[in-house]
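S.K.: predicted coordinates and the sequence they were generated for:
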Amino acid sequence: MPLARRGMAWWLLPIIDFVCSSLALLAVTLIARSDAFPAWPVAPALLVGAYGLLGVYGARPGSGARGEGGAGWPVLRLLVGALFAWCASLLTPIDGAEQLALFAAFVILDFGVRAVVAPLLQDLDPVERWVLVGDADIADRLRAYAPLRKYASVVASVEPLEPDDSAGRARALELVDRHDADRVVISTAHADDAGLLGLVRAFKAVGVPVSMLPRPLDLLEAPTARPTRIGGVPLIEVESLAARTSLPYKGPDRRIGTRTTKVTVVVPAMNEEGNIAQVLGELPEGLHEVVLVDGNSKDNTIEVARRAYPSIRVTTQTGKGKGDALRTGFAAATGNLIVMLDADGSADPAEIPRFVEALEAGADFAKGSRYLPGGGSADITLLRKLGNGFLSGTANMLHGTHFTDLCYGYNAFWVRCLPFISLDVPGFEVETLINLRIAGAGMKIAEVPSYEKERISGASNLNAARDGIRVLGTIFREARRRRSVHAEHPVAGAAAIEKARAAAQAGKP
């Protein structure tokens, strides 16, 4: 997946925080003549865990160390430091003055060590791999630009692809995977603004970060963009796309049999030969296509699927995890409406018309829910139910949403939503990410009652504790991402032109 490359700095930051908090705690407890155990190592571990959930340790760890988050980062670290001191006081007998001393010692030590090691951490960041879309001479100039080599390398230069359709998405995914790209940089002078936005959409739809070399540009639909610089190269980084308003189905009346909706069902599957035939056999008629994304199965999943549904399209994911599988399936879809369907038999294929009806009635995204009247589950344990309620409540509080069933993966949406989703996580947290990004784009969401059946056979790959923590981390990271995006003023029209010119004048490779 894009941005999955982590350098040594990613591991050093948690170690630095753990060591600094441990030294401060041991010093204070030694002076106070208190027993450091069990405050150590529990309180330092909780501090590192809180930082992780809040997104301090990201895919590019150096950014947090260098303070690119603005004033919010020092405030965040102060708050977590206060939480650390309070947790330590619950685990070892220290009074209020000693708590304050612990907080001050940690803050001074942590800020000081981070200030010293920040340049070193920057040097340890992995070099980004860029795929340049545009002119070959620009790629040659970037490769020859010495200051950039420390930060990024142009691994390939490609001609502009046909944007914003299934073929464009498929080629975009193939380019990203083939070159193991961390970022796509668009530098084409041959496309108008609509063409450039189409290129951005195609690459955002497969979950890769997109930047553009500055040029006078009036981005349509006001993407949230911000001027930035990597290795001295001025870029306009596209943070997200803004949906503005919902775009409901406007085709012929589906009730008189003339609808043009083309439904693609995407089915991720890995070692599901005992389940896939029954799932495919229960699909409704009239589908445009069914795409099976094989997760490098060791059994006969593909052969069984082809016998059960001869017209099925089979593609194999290059990475691992459900998120990567969905990303592959979404890129391959040629319909205009996508349904996500699990291969284990827990989601009822007969409910697909219910999701399609909600979308054709005007929704952008149809979200399955087991907690609406008419829904339910034969397979949810008490632990999973409590965890789902906690995660849904946390997401609703932080994101201003009203989800009744955040972690249920039976969803459907129009293909035009893909650039706003921009999948960039590999695991089961992908379902939460999709829900939150659709909501963050301001799209119309309709919850649809759904009944979860028991898995037909075999064991689930879901781990409630591990995946629950990953979902919680996704909720916090997306909340932070949404705040940072909204804090930026959208760069469009004349403002984009002026900022692009200023960035270009400031320094060109």
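M.R.: Done, it's in.
S.K.: for the rest of this, base every contact and every neighbour count on C-alpha atoms.
M.R.: Noted.
S.K.: right, and Glu431 touches Asp405 too?
M.R.: No: assessed by CA atoms under 8 Å, Glu431 is found out of contact with Asp405, at 10.8 Å.
S.K.: what average pLDDT does the helix or strand hosting Ala118 get?
M.R.: Assessed by DSSP states H and E, Ala118 sits inside helix 96-124. On average, the pLDDT along helix 96-124 is 86.
S.K.: equivalent analysis for stretch 45-62, please.
M.R.: Stretch 45-62 comes out with an average pLDDT of 71.
S.K.: got the phi and psi for the residue nearest the centre of the chain?
M.R.: Taking CA atoms, centre = their mean, the centroid of the chain lies closest to Asp424, which sits 4.0 Å from it. Per-residue torsions, Asp424: phi -140, psi 30 (degrees, to the nearest 10).
S.K.: could we number from 55 for the rest of this?
M.R.: Yes, from this point I'll number from 55; that puts the last item at Asp478.
S.K.: how close does it sit to Gly429?
M.R.: The gap separating Asp478 from Gly429 is 30 Å, by CA to CA, to the nearest Å.
S.K.: same check on Ala224?
M.R.: The span separating Ala224 from Gly429 equals 35 Å under the rule CA to CA.
S.K.: more neighbours: those two, which one.
M.R.: Neighbour count, other CA atoms under 10 Å: between Ala224 and Gly429, Ala224 has more, with 21 against 14.
S.K.: just give the nearest non-adjacent residue to that one, would you?
M.R.: Ala385 (4.9 Å; CA to CA, 6 or more residues apart in numbering).
S.K.: that neighbour: which element?
M.R.: Judged by DSSP H and E, Ala385 forms part of helix 376-386.
S.K.: packing partners of that helix?
M.R.: Here helix 376-386 touches helix 220-232, strand 317-323, strand 343-348, strand 367-370, going by 3 or more CA pairs under 8 Å, 6 or more residues apart in numbering; DSSP states H and E.
S.K.: ok, of these, where does mean pLDDT dip lowest?
M.R.: Taking the mean pLDDT of the helices and strands packed on helix 376-386, helix 220-232 comes last: a mean of 89.
S.K.: in that one, what counts as buried?
M.R.: Going by neighbour count (16 or more other CA atoms under 10 Å), the buried part of helix 220-232 is 220-231.
S.K.: specify which member of those residues is nearest to Asn515.
M.R.: Lowest distance from Asn515 to the buried residues of helix 220-232 (CA to CA) belongs to Asp231, with 24.4 Å.
S.K.: any idea how far that closest one lies from Val484?
M.R.: Applying CA to CA, one obtains 19 Å for the distance of Asp231 from Val484.
S.K.: same thing with Gly150?
M.R.: 43 Å.
S.K.: who's more crowded, those two?
M.R.: Between Gly150 and Val484, counted using other CA under 10 Å, Val484 has the larger neighbour count: 25 against 11.
S.K.: dump the residue contacts of that one.
M.R.: Contact analysis of Val484 by CA atoms under 8 Å, 6 or more residues apart in numbering lists 376-377, 477.
S.K.: of those residues, which is the most crowded?
M.R.: Of the contacts of Val484, with other CA under 10 Å as the count, Leu477 tops at 26 neighbours.
S.K.: and that residue, that one's in a helix?
M.R.: No: assigned with DSSP: H, G, I helix; E, B strand; the rest coil, Leu477 falls outside any helix and is coil.
S.K.: right, and it touches Thr382 too?
M.R.: No: using CA under 8 Å, Leu477 makes no contact with Thr382, being 10.0 Å away.
S.K.: got the domain boundaries for this protein?
M.R.: 62-178, 182-296+544-560, 308-538 (automatic domain parsing).
S.K.: tell me the contacts of Pro322?
M.R.: 346-349, 376, 379-380, 383, 395-397.
S.K.: now swap in Leu334 and tell me
M.R.: 359, 362-363.
S.K.: those in helices, which ones?
M.R.: Among the contacts of Leu334, the members found in helices (DSSP state H) are 359, 362.
S.K.: so can I have a markdown table of the contacts of Leu334 showing distance to Leu202?
M.R.: Shown next, in a markdown table, are the contacts of Leu334 (distance: CA to CA, whole Å):
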| residue | distance to Leu202 |
| --- | --- |
| Ala359 | 48 |
| Ala362 | 53 |
| Tyr363 | 51 |
